[in-house]
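Peer 1: here are the coordinates; sequence isn't available:
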C-alpha cells in the first residue's frame, strides 16, 4: 500500500510541477508582452515630449513673427504719417501763393 501511495504522491507532485511550469511559461510570455508594451509606451512618451518641444518652439516663433509684424506695421504707419505730413506741408505754400 505504501508503494501505491508513494506512486500516487509522485504522480500528484509531477502534475503540480507540470502545472507550475505551465504557469511559469505563461508568466514569462506575459512578462515579455508587458515589457514590449512598456517599451512602446516609453517611445510614445519620448515622441510626445519631442512634439511638445516642437510645438513650444513653433509657438515662440509665432509670437516673435507676430511682434515683428506689429513693429513693421507701426513703422509703415509712421512712414505714412510722415509722408502725409510732408504732403500737407508742401501743399500749404502753394495754397498761400494761390490765395495771394
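Peer 2: Received it, and whenever you're ready, just let me know what you need. Here the structure is a predicted model, which is why all the values come from computation and not from measurement. Numbers count the residues shown, from 1 in each chain.

Peer 1: Looking at residue 2 now. What's its pLDDT?
Peer 2: At residue 2 the predicted local confidence, pLDDT, stands at 88.

Peer 1: shift numbering so it begins at 818
Peer 2: Okay, using 818 as the starting number, the last item reads as residue 819.

Peer 1: how deep is it tucked in, by neighbour count?
Peer 2: Each residue near residue 819 was counted by other C-beta atoms under 10 Å, and the total is 6. (Glycine included, C-beta is placed from N, CA and C.)

Peer 1: Could you measure from it over to residue 833?
Peer 2: Using C-beta to C-beta, to the nearest Å, residue 819 is found at 20 Å from residue 833.

Peer 1: and if you look at residue 901?
Peer 2: 99 Å.

Peer 1: With residue 864 instead?
Peer 2: As judged by C-beta to C-beta, residue 864 and residue 833 stand 46 Å apart.

Peer 1: burial count for residue 889?
Peer 2: Around residue 889 there are 10 residues (other C-beta under 10 Å).

Peer 1: any idea how far residue 882 is from it?
Peer 2: Distance from residue 889 to residue 882, by C-beta to C-beta: 10 Å.

Peer 1: do the same with residue 890
Peer 2: Separation of residue 890 from residue 882 (C-beta to C-beta): 13 Å.

Peer 1: Sketch out the low-pLDDT regions of the protein for me.
Peer 2: Applying pLDDT under 70 to the chain flags the ranges 906-917.

Peer 1: Quick one: the helices in it, in order.
Peer 2: Shown for the chain, the helices assigned by DSSP state H span residues 819-916.

Peer 1: neighbours around residue 894, how many?
Peer 2: Neighbours around residue 894, by other C-beta under 10 Å: 10.

Peer 1: That should have said residue 898, apologies.
Peer 2: 10.

Peer 1: Repeat that for residue 897.
Peer 2: 10.

Peer 1: separation between it and residue 819?
Peer 2: Taken as C-beta to C-beta, the span from residue 897 to residue 819 is 114 Å.
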